[in-house]
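Visitor: What follows is a protein structure lacking sequence information:
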C-alpha cells in the first residue's frame, strides 16, 4: 500500500481514465478510425502509467528534505522506504515503461515514435532534478508533461491515419488538441497553488519558487487572476465553437466556469494553509470534471 501511495496511484488512475475516455468513450464510440488495436492501446496505457509512476518516485527522491517539512505524514522516503529501494523502484518502473513503449512502436511499425517515451522519461527526471526549481519554467514543463497523456494518445491513435482520413479525423484531432491545452493550463494553475502549499519546506531547503519571491498572499492573488483569464478563455471558446451544443455548454458552465469562479473568489481571501489546500482540492475537482466532459461531448454528438 505504501508503494501505491508513493507512485500516486490516484493520479495514475486519472491518467488511465483520461486515455480510456479518449480512446473508447470518444474516438471508438463515434466510430472514428483509430490506429491502435485494443492490445496496442493497453500497451500504450501501461507504458504511460509506468513512466508517470517513475516520475513521481524520482520527484519524491529529490524532495526528501522539503517533504519532511511540508507533508511529514505523506513522506515515505526514507522513513518507510529507503532511498536505495526507492531509486531501484524508479529504475524498474522507468525501464519497464520505456521498454514497453519500444515494443509498442516495433509492433505497429512506428520506430521513430520511440523517442517520445525516452523524451518524456528524460524530461520527468530533469524536472525533478533541477528544472522544478526554476520559477514558472518548472511549472510549465510539468503541466505540459501532464497534458502529454492526451497528446501521446493522439500521436499513436490519430496521427498515423490523419493523412488518409483527414476530412474525418481533423475535427476530433483539433478537439483533443484543445483538451490537452486546457489540461496544461489547469495543471499550471494547480502547480502554482502546490508551490504555495509547499512554500515553508521549499524556503527551508533553498528552493526559489514563486511564493518565496512574491510572498504567499501576492502569489495566491496571481493564481486568482489567472483563474479569471481562464474563465474568459473558456467563455470565448464556448461562444465560438459550442453555441450549437447546448448540453455540453451547460455542463462546462456548471462543472468548469462556476467552480473556477469559486476558485477566484476563494483565492482573493486565502491566507491560511487550509485555504490553500482547499484551492488545490478544488482544482483537482475541476480537472476531473473537465476529463468527464469528454463523455458528455460524445453523448451530445452521438444522440
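Guide: That came in fine, so what should we check first? Small disclaimer: the values here were computed from a predicted structure and weren't measured.

Visitor: how far does stretch 279-299 sit from the chain's center?
Guide: Stretch 279-299 sits 12 Å away from the centroid of its parent chain (C-alpha atoms, centre = their mean, to the nearest Å).

Visitor: And that stretch, what's buried?
Guide: For stretch 279-299, burial by neighbour count (16 or more other C-beta atoms under 10 Å) applies to 279-280, 282-283, 286-287, 289-294, 296-298. For the C-beta atoms, the positions are set from N, CA and C on the backbone; glycine is no exception.

Visitor: Apart from its chain neighbours, what residue comes closest to the residue nearest to the spatial centre of the chain?
Guide: The residue lying closest to the centre of the chain (C-alpha atoms, centre = their mean) is residue 146, at 2.8 Å. Distances taken as C-beta to C-beta, 6 or more residues apart in numbering place residue 187 nearest to residue 146, at 4.5 Å, with adjacent residues excluded.

Visitor: Please work out how many residues are found near that neighbour.
Guide: Residue 187 has 21 neighbouring residues, counting by other C-beta atoms under 10 Å.

Visitor: other SSEs contacting the helix or strand where residue 195 lies?
Guide: Per DSSP states H and E, residue 195 falls inside helix 166-197. Helix 166-197 sits against helix 137-157, helix 159-162, helix 210-214, helix 216-241, helix 273-302, with contacts defined as 3 or more C-beta pairs under 8 Å, 6 or more residues apart in numbering; DSSP states H and E.

Visitor: Skip ahead from that helix and say which helix or strand is next.
Guide: Counting by DSSP H and E, the next helix or strand C-terminal to helix 166-197 is helix 199-204.

Visitor: what comes up buried for that next one?
Guide: For helix 199-204, burial by neighbour count (16+ other C-beta under 10 Å) applies to 199, 201, 202.

Visitor: residue contacts, residue 273?
Guide: residue 197 (C-beta atoms under 8 Å, 6 or more residues apart in numbering).

Visitor: repeat that with 6 Å
Guide: For residue 273, the contact set (C-beta atoms under 6 Å, 6 or more residues apart in numbering) is empty.

Visitor: roughly how far apart are it and residue 231?
Guide: Using C-beta to C-beta, to the nearest Å, residue 273 is found at 26 Å from residue 231.

Visitor: Am I right that residue 191 is in contact with residue 139?
Guide: Yes - with contact defined as C-beta atoms under 6 Å, residue 191 counts as touching residue 139 (4.1 Å).

Visitor: Please tell me the pLDDT value assigned to residue 199.
Guide: Residue 199 is assigned 86 on the pLDDT scale.
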